[in-house]
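# After the sequence you'll find the predicted model.
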Amino acid sequence: MPALVLFGVLIGVTTVFFGFGGGFVVVPVIYGIAADRPDAMHVAVATSTAVMVVNASVATLTSRGSGLIRREYVWPLAGFVAIGAAVGAWAATLASESLVHLLFVAYLIVTIVDSLVRKGFLGRSTEPRPLGKWVASGGGIGIGAVASFLGVGGSVMTVPLLRRRGLTMAAATAMANPLSIPIAVVGTLVYALPHHGSTSGTIGYVDVVAAGVLLAASLPTITIARRFVRRVPDRTHAIAYIVLLIVSLIAMVAV
């Protein structure tokens, strides 16, 4: 339990600074805790989406008036993300434990390499550019499907996308939270369906007890951490994002 509280604090920090809402922290943690269960990976992904519903919503509300969240980037991308999220969450319930785990690790590797090798993430262009119709629609559906399938929220795809459109890390990570809400809500509804075989302390695949402890620690942290997000130099912020992905990758491989 004390370990969950500490991870809850970490989740609060990563929600504000990286737009994770849970995702890459919750999944490895819950996967390790539930390792003796045959459905451990599904429980980890489902619990992550449930935590993300609350954290991403609170982070979005506390960011109002900061100027970091810009409607022209959030909408209509969020609508297409919701469509993709329904497809991804449904597909995840049909996939095997080993496949979800393998794809989670594989996607981490691809994202890390892409952020390091392809231009536009570590160093941004000076002028923000609009998303465009096809990027918003096709990209949104793809983001929603992958994010809900893996339980990681939109950050892992929306932050690099917005970053390469010329936005600062502070703005890109702030907008990852409202873009994670439709993924988290749709994913949680699908994962919590009773036919998944609820056990004591769970609703469907969602571990209610673990989610409650993580939220109790992360929510106060969000309100404190948001005061400091703009003080981090942009390039340092981008490097820290990649470092956290690497740590998550190591944790998932180790477990």
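That came in fine, so what should we check first?

# tell me the contacts of the residue nearest to Val186 when sequence neighbours are not counted?
Using CB to CB, 6 or more residues apart in numbering and skipping the chain neighbours, the partner closest in space to Val186 is Ala85 (4.0 Å). For the C-beta atoms, the positions are set from N, CA and C on the backbone; glycine is no exception. Shown in contact with Ala85 (CB atoms under 8 Å, 6 or more residues apart in numbering): Gly144, Ala145, Ala147, Ser148, Pro182, Ile183, Val186, Gly187.

# tell me the secondary structure for Pro130?
coil (DSSP: H, G, I helix; E, B strand; the rest coil).

# Any figure for the gap between it and Gly139?
If you measure Pro130 against Gly139 using CB to CB, to the nearest Å, the figure is 13 Å.

# same question, Gly201
According to CB to CB, Gly201 stands 37 Å off from Gly139.

# more neighbours, those two?
Gly139 (19 against 11; other CB atoms under 10 Å).

# Check for me that that one belongs to a helix.
Yes - per three-state DSSP, Gly139 lies within a helix segment.

# show me the contacts for it.
Listed by CB under 8 Å, 6+ apart, the contact partners of Gly139 are Leu77, Phe80, Leu131, Met157, Leu161.

# returning to that earlier point: tell me the pLDDT at the residue nearest to Val186?
Looking at Ala85, its pLDDT is 84.

# Please, which helix or strand holds it?
helix 77-94 (DSSP states H and E).

# Report the backbone C-alpha coordinates of that helix in PDB.
Provided in PDB are the C-alpha atoms of helix 77-94 (Å, rounded to 0.1, in the frame of the first residue of the first chain):
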ATOM      1  CA  LEU A  77      -9.300  15.700 -32.800                       C
ATOM      2  CA  ALA A  78     -10.900  14.600 -29.600                       C
ATOM      3  CA  GLY A  79     -14.100  13.400 -31.400                       C
ATOM      4  CA  PHE A  80     -12.100  11.100 -33.700                       C
ATOM      5  CA  VAL A  81     -10.000   9.900 -30.800                       C
ATOM      6  CA  ALA A  82     -13.200   8.800 -29.000                       C
ATOM      7  CA  ILE A  83     -14.200   6.700 -32.100                       C
ATOM      8  CA  GLY A  84     -10.800   5.000 -32.200                       C
ATOM      9  CA  ALA A  85     -10.900   4.400 -28.400                       C
ATOM     10  CA  ALA A  86     -14.000   2.300 -28.700                       C
ATOM     11  CA  VAL A  87     -12.400   0.100 -31.400                       C
ATOM     12  CA  GLY A  88      -9.200  -0.200 -29.500                       C
ATOM     13  CA  ALA A  89     -10.700  -1.100 -26.100                       C
ATOM     14  CA  TRP A  90     -13.000  -3.700 -27.700                       C
ATOM     15  CA  ALA A  91     -10.000  -5.200 -29.500                       C
ATOM     16  CA  ALA A  92      -8.000  -5.400 -26.300                       C
ATOM     17  CA  THR A  93     -10.700  -7.500 -24.600                       C
ATOM     18  CA  LEU A  94     -10.300 -10.100 -27.300                       C
END
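
# Return the set of buried residues in the next helix or strand after it.
Sequence-wise, the next helix or strand downstream of helix 77-94 (DSSP H and E) is helix 97-117. Neighbour counts over helix 97-117 (16 or more other CB atoms under 10 Å) mark Glu97, Val100, His101, Leu103, Phe104, Tyr107, Leu108, Thr111, Ile112, Ser115 as buried.

# One more: stretch 178-194?
178-192.

# Equivalent analysis for stretch 130-148, please.
For stretch 130-148, burial by neighbour count (16+ other CB under 10 Å) applies to 131, 136-137, 139-148.

# Near Ala210, how many other residues are there?
Using other CB under 10 Å: Ala210 sits among 25 other residues.

# Thanks again, I'm all set now.
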